[in-house]
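Student: sequence first, predicted model second:
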Amino acid sequence: MESLVEATSGAVGSLLSTSILYPLDTCKTKFQAENKAHQHQKYRNISDVLWEAISTRQVLSLFQGLGTKNFHSFISSFLYFYGYSFLKRLYLKKSGLKYIGTKANLAIAAAAGACTVVVTQPLDTVSSKMQTSEFGESKGLWQSLSESTWGESFDGLGISILLTSNPSIQYTAFDQLKNRMLKEKMRKRESGAAASPSPEALSALTAFLLGAVSKCIATCITYPAIRCKVVIQSAESDEDGRSQLKTHKTVSGALHSIWEKEGILGFYKGLQAQILKTVLSSALLLMIKEKITKSTWITMLALRRFILVTRSRLKSS
């Protein structure tokens, strides 16, 4: 029941945060997907994508692929939170410990993330293709899946698994920043006249800001992989033909293409939008998840009681 509640509340939180930030996500993805030399680039910055939608009267196209993205977001969040909660309880049961350590927690989170990525990668690939399609020309989910081969549905899987390291980097950075701040506060307290015997702790605002900073650090470190993933998933045949498409479908091909056409700064194209979207999405997801967890528990218990009562009545009749 605990795993199911965690999975459901996490999935609903992800669904709502994805819907709210979807126009920003579409602009970001289309901007990241463009891999051309500077003089041939259609978008100079992310706002150009927005203005294109407005000028061509295709504002609603900023939501193209929303259904697929929400489906992917709901399934992946449900599987992740269920797997994470299940593996965590299994670890505590097998180890006999009452609390889980940081390293074990990161390992379990990475394992849950990797398993989730393998299952949901086709939806992630189709979602990227729908977002990066020309405004008003996006295909539906089933049509996109039917036109792709089994191998193409898993484009970018290796990078997606690699990107499960993002939370590990985030939590490591958070712990390092937290320890430095607490040591500084401890030093100032010890040098003061009236030292409090209570242990130092971060305020809610400080913890939030450190969380945002650590997420930014993790995003900056892993961003070249994020950019390559989008380029791979959105690759389409162009003036160079099918051979160019096959080249873009590989990690080495995407890296070479970005380096050749855009230089080293190309690996960080769209970084600001990625950070903004990631931080806002994480904050919204966790806020919504915390708000609905209690009501989810009540709903699950009521549903369980209803099923038990119904089953009892059926047996008695």
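Tutor: Done, it's in.
Student: could you use CA atoms for every contact and neighbour count after this?
Tutor: Will do.
Student: using CSV, write down the CA coordinates of stretch 272-284.
Tutor: Only the C-alpha atoms of stretch 272-284 are listed here, as CSV (Å, rounded to 0.1, in the frame of the first residue of the first chain):
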residue,chain,number,x,y,z
GLN,A,272,19.5,28.2,-19.4
ALA,A,273,16.0,26.9,-20.5
GLN,A,274,16.9,23.4,-19.4
ILE,A,275,17.9,24.7,-15.9
LEU,A,276,14.7,26.8,-15.6
LYS,A,277,12.4,24.0,-16.7
THR,A,278,14.2,21.4,-14.6
VAL,A,279,14.2,23.4,-11.4
LEU,A,280,10.5,24.6,-11.8
SER,A,281,9.4,21.0,-12.7
SER,A,282,11.2,19.5,-9.7
ALA,A,283,9.8,22.1,-7.3
LEU,A,284,6.2,21.7,-8.7
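Student: quick one: it to chain centroid distance?
Tutor: Mean C-alpha position of stretch 272-284 versus that of the full chain (C-alpha atoms, centre = their mean, to the nearest Å) differs by 9 Å.
Student: where does the stretch 1-150 of the chain have low pLDDT?
Tutor: Residues of the stretch 1-150 of the chain that meet the criterion pLDDT under 70 lie in 1-7, 10, 102.
Student: any chance you could map the helices in it?
Tutor: All helices of the stretch 1-150 of the chain, identified by DSSP state H, counting those that start in this stretch, fall at 2-20, 22-33, 46-55, 66-95, 102-132, 141-147.
Student: for residue 160, which of these is the nearest?
Tutor: helix 102-132 (6.6 Å; C-alpha to C-alpha).
Student: would CSV of the helices of the stretch 1-150 of the chain with distance to residue 278 and mean neighbour count be doable?
Tutor: Below are the helices of the stretch 1-150 of the chain laid out as CSV (distance: least, C-alpha to C-alpha, whole Å; neighbours: other C-alpha atoms under 10 Å):
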stretch, distance to residue 278, mean neighbour count
helix 2-20, 10, 22
helix 22-33, 9, 23
helix 46-55, 15, 16
helix 66-95, 14, 19
helix 102-132, 16, 20
helix 141-147, 24, 13
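Student: mind giving me TSV with those and columns for distance to residue 259?
Tutor: Formatted as TSV, the helices of the stretch 1-150 of the chain follow (distance: least, C-alpha to C-alpha, whole Å):
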stretch	distance to residue 259
helix 2-20	31
helix 22-33	14
helix 46-55	20
helix 66-95	29
helix 102-132	21
helix 141-147	29
